[in-house]
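Visitor: just a sequence and a predicted model for now, questions to come.
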Amino acid sequence: MPLNPKLLAPGSIAVVGASEALGKTGGKILHCAKSAGFAGPIYPVNPGGHASLQGLKAYATLDDLPEVPDLLLISIPGAGVPALIEDAARRGCAGAVVFSSDVVPADMARAVDVARRAGMSVLGPNTEGLYVPQAGLAATFAHVVEECIAHPPPAFPSRRRVAVVSQSGGIGFALFGRALAAHLDLRSVVTTGNEADLEVLDFVERLVEQGDAGVILLFIEGLKDARRFATVAQRAAERQVPIVVMKVGRSEAGQRAAISHTAHLAGADTAYDAAFERHGVLRVFDVEEMLAAAAALSLMPFMTGHRVAVVTTSGGAGGWAADLLSAQGLEIPALSAGLQQALMVHLPAYASAGNPVDTTVAATEQKGRAMLAVIEALATSGEVDAVLLNMGLSAQGRIDGMAPAMQPLLARCGVPVLFHSHITPSAQNLQALAAIGAHGFPSFRACASGLDALRRYGRFQQQRATAQPGTLCPPPGRSPLLEPGALADGVLGEAQTRELVSHYRIPMPPSALVQDAKAAMAAAQGMGFPVVLKIQSPDIAHKTEAGGVELHVGEDTLHAAYERLMRNVRQHAPHARLEGVQVQKMMPPGHEMVVGVVNDADFGPLVMLGFGGIYVEVLKDVVFAPPPIAHAGALRMVDRLKASAILKGARGRPPADLDALAGFIVAVSQLAADADGVIDQIDFNPVLVYPKGQGVVAVDALVATRPNALQETH
């Protein structure tokens with residue numbers, strides 16, 4: 001059921017479990033609610049016979065209220081919560097925030113079911129609530145909100161307002177407090193707790209659709225409805241609302257045996273990382289990185305490249321900054337002679353106009369006139385995509401003196417300008433920066449994190465804007481083999497594997513399944529020597545380990561190779577069911593890759609690409625993406641491999657046929673999408689990639705259905 005909008009914009013509030021004592025949770029909730037500037041009536045509810053609580057008329061039960069409140073704030077023992085929610089739903093309440101942590105889950109589920117049928121939304125239980133300052137809505141007991149109400153922070157300008165959405169109440173309000181201290185322009189904070197009804201995606205979706213936030217900070221341990229994430233994240237991308245996520249905990253991929261290389265390589269967070277990468281969601285790993293990304297994205301234009309100019313009043317600090325930015329994958333390019341000459345017009349002769357640009361402290365004199373001229377020259381040069389300015393910000397009033405000229409400069413220069421002080425900055429200067437829509441970053445590493453966020457999100461939006469459809473044949477339509485009951489359970493045999501793979505136009509070498517050496521000889525003579533012999537058994541997933549593969553088999557060695565293969569397999573797996581031996585045309589060598597599919601319990605199918613052959617689990621140079629995958633997306637998967645330069649012609653080798661490899665990935669992704677719910681694991685290993693124009697071929701294929709897939713409907 002959609003989020004009832006009155007939960008976030010109620011006309012009236014009832015605090016159930018309200019208290020006079022500010023040391024109790026119910027007292028804090030009532031105090032925050034009535035102190036935040038809420039325009040409507042607030043009704044304290046407590047059965048203790050109080051005439052008033054905290055100066056407001058008190059009521060014993062919901063029956064005694066003069067109206068049906070839009071929103072209930074519930075802080076009572078958990079045993080009474082389900083019945084209260086059911087009663088409120090029948091009365092027509094729009095929403096409830098349940099702070100109680102001791103609610104029996106089964107009882108809460110039944111109450112939520114009643115609430116949903118009545119159109120009532122429930123946040124929690126075990127939540128720290130929410131705070132929407134502009135609406136005067138403080139449905140929380142968080143101390144940081146009490147402080148914010150008592151001492152309202154000044155409003156600071158921004159390009160995009162920031163909202164915090166968190167499953168953890170403590171972390172959500174901690175992020176809110178840190179963001180306030182960093183002078184960010186905050187719209188709201190919502191914490192979802194145990195998510196018996198509403199989940200984080202409900203609030204992310206509403207923020208995006210209502211245009212209420214331009215940057216969303218998201219803290220999660222996992223997603224209640226992971227498959228919905230793609231829809232919400234795609235909508236955020238369309239509206240250019242960056243989502244910065246910190247995900248902790250582990251998402252188990254299901255209780256299945258991992259029989260393929262792909263499944264072995266799919267780590268706990270693989271599906272989340274793949275979904276984040278697909279939709280431009282920026283994952284961070286600590287609070288400083290998250291706040292730096294939030295500051296940069298909320299205040300600055302997205303980057304269109306990765307070139308950064310470092311401007312500093314300290315040569316040592318400039319070198320330090322350059323090292324950290326370079327380690328982040330940003331480029332500190334040498335500046336052209338003409339640009340260096342233009343910079344030196346504003347600087348003393350002993351300054352340096354290289355990159356880093358060492359202006360010396362003289363550039364900050366006369367209200368920073370020289371420094372501002374240097375920034376403008378760099379920002380408008382077309383040679384850099386961002387400017388990092390390091391100067392001492394300890395002396396109070398330094399930014400105030402520069403602000404009249406700096407503010408319009410930042411507005412017109414069109415590239416991000418980041419500020420840092422190698423000397424401990426004064427609070428007054430940091431606040432003065434915030435007042436003109438700038439930000440003082442606490443460290444060079446934070447600057448690097450902010451720039452990385454601007455670069456990653458800018459590149460993602462550029463790729464979205466320039467995405468072109470591939471030149472591949474139209475998809476063939478879903479294979480009839482994927483209908484319920486059409487496939488065998490477990491590892492597929494050679495015949496069904498070939499039929500399924502060929503339907504999706506996935507290239508494989510000529511092959512034949514035989515039952516004896518004489519038939520193997522006839523098949524090999526028909527396709528031409530040399531050939532490969534492979535055992536075929538649903539009980540042997542990894543043929544090489546069982547001695548079930550013979551390579552480079554010629555006409556004169558075929559009989560001996562056949563007998564050796566059968567002997568090896570009988571020794572390795574004496575009880576295995578044998579379907580026969582596959583005779584396959586021996587393909588010439590090429591780059592060995594692996595392409596596969598694994599079914600994640602939360603997100604569904606994921607397509608894997610990596611360097612293959614016997615090294616796939618040793619090198620582990622692999623990337624994952626959810627299907628379907630377009631041609632351009634497949635090429636980006638190749639680029640994400642650490643050793644992708646090998647495929648592009650490193651060290652004088654001819655470049656590989658990347659278009660053909662991308663086409664292969666697209667075809668496998670179509671199979672993965674069609675087989676969602678039916679196929680559990682797929683491995684094409686190795687996939688041989690030949691020089692440009694010569695194509696690709698999958699030498700071996702393994703396909704396994706989901707357990708009980710025969711009984712399931714798609």
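Guide: Cool, got the structure. Since the structure is predicted, the reported quantities are computational estimates derived from the model, not experimental observations. Numbering: from 1, shown residues only.
Visitor: contacting residues around Glu288?
Guide: 442-443, 445-446, 449 (Cβ atoms under 8 Å, 6 or more residues apart in numbering). Every residue, glycine included, has its C-beta placed from N, CA and C.
Visitor: apply 6 Å and report the result again.
Guide: For Glu288, the contacting residues are Ala446, by Cβ atoms under 6 Å, 6 or more residues apart in numbering.
Visitor: which SS class is it?
Guide: helix (DSSP: H, G, I helix; E, B strand; the rest coil).
Visitor: where in this protein is pLDDT low?
Guide: 250-268, 468-475, 613-617, 707-714 (pLDDT under 70).
Visitor: which strand or helix spans the residue nearest to the spatial centre of the chain?
Guide: For the chain, Phe276 is the residue whose C-alpha lies nearest the centre (Cα atoms, centre = their mean; 2.4 Å). Phe276 is part of helix 270-279, with elements assigned from DSSP states H and E.
Visitor: could you say what helices and strands that helix packs with?
Guide: When contacts are defined as 3 or more Cβ pairs under 6 Å, 6 or more residues apart in numbering; DSSP states H and E, helix 270-279 packs onto helix 229-238, strand 622-625.
Visitor: outside of the last one itself, list whatever touches it.
Guide: For strand 622-625, contacts defined as Cβ under 6 Å, 6+ apart pick out 265, 270, 274, 606-610, 637, 640.
Visitor: out of these, list just those in helices.
Guide: 265, 270, 274, 637, 640 (DSSP state H).
Visitor: could I get these as JSON lines with distance to Gly48?
Guide: Shown next, in JSON lines, are these (distance: Cβ to Cβ, whole Å):
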{"residue": "Leu265", "distance to Gly48": "60"}
{"residue": "Thr270", "distance to Gly48": "53"}
{"residue": "Ala274", "distance to Gly48": "54"}
{"residue": "Met637", "distance to Gly48": "63"}
{"residue": "Arg640", "distance to Gly48": "62"}
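Visitor: who wins on neighbours among these?
Guide: Met637 (25 neighbours; other Cβ atoms under 10 Å).
Visitor: just to check, that one is in contact with Leu609?
Guide: Yes: using Cβ atoms under 6 Å, Met637 is in contact with Leu609, at 4.9 Å.
Visitor: possible to save the helices and strands packed on helix 270-279 as CSV with distance to Leu578 and mean neighbour count?
Guide: Listed next are these as CSV, based on distance: least, Cβ to Cβ, whole Å; neighbours: other Cβ atoms under 10 Å:
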stretch, distance to Leu578, mean neighbour count
helix 229-238, 42, 18
strand 622-625, 32, 24
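Visitor: for the stretch 301-450 of the chain, what spans make up the helices?
Guide: Using DSSP state H, counting those that start in this stretch, the helices of the stretch 301-450 of the chain run over 315-327, 337-344, 365-379, 398-413, 427-435, 444-466.
Visitor: so which of those gets nearest Val132?
Guide: helix 427-435 (21.3 Å; Cβ to Cβ).
Visitor: for that closest one, packing partners?
Guide: Helix 427-435 is packed against helix 398-413, with contacts defined by 3+ Cβ pairs under 6 Å, 6+ apart.
Visitor: contact partners of the helix it packs on?
Guide: Contacts to helix 398-413, defined as Cβ under 6 Å, 6+ apart, come from residues 367-368, 372, 376, 379, 417, 429, 432-433, 436.
Visitor: which PyMOL command selects the buried ones in those residues?
Guide: Buried residues within those, by 16 or more other Cβ atoms under 10 Å, are selected in PyMOL with:
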select buried, resi 367+368+372+376+379+417+429+432+433+436
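Visitor: out of the contacts of helix 398-413, who's nearest Gly319?
Guide: Nearest to Gly319 among the contacts of helix 398-413, with distances taken as Cβ to Cβ, is Val417, at 20.0 Å.
Visitor: and the gap between that closest one and Val361?
Guide: Using Cβ to Cβ, to the nearest Å, Val417 is found at 19 Å from Val361.
Visitor: appreciated, that's everything.
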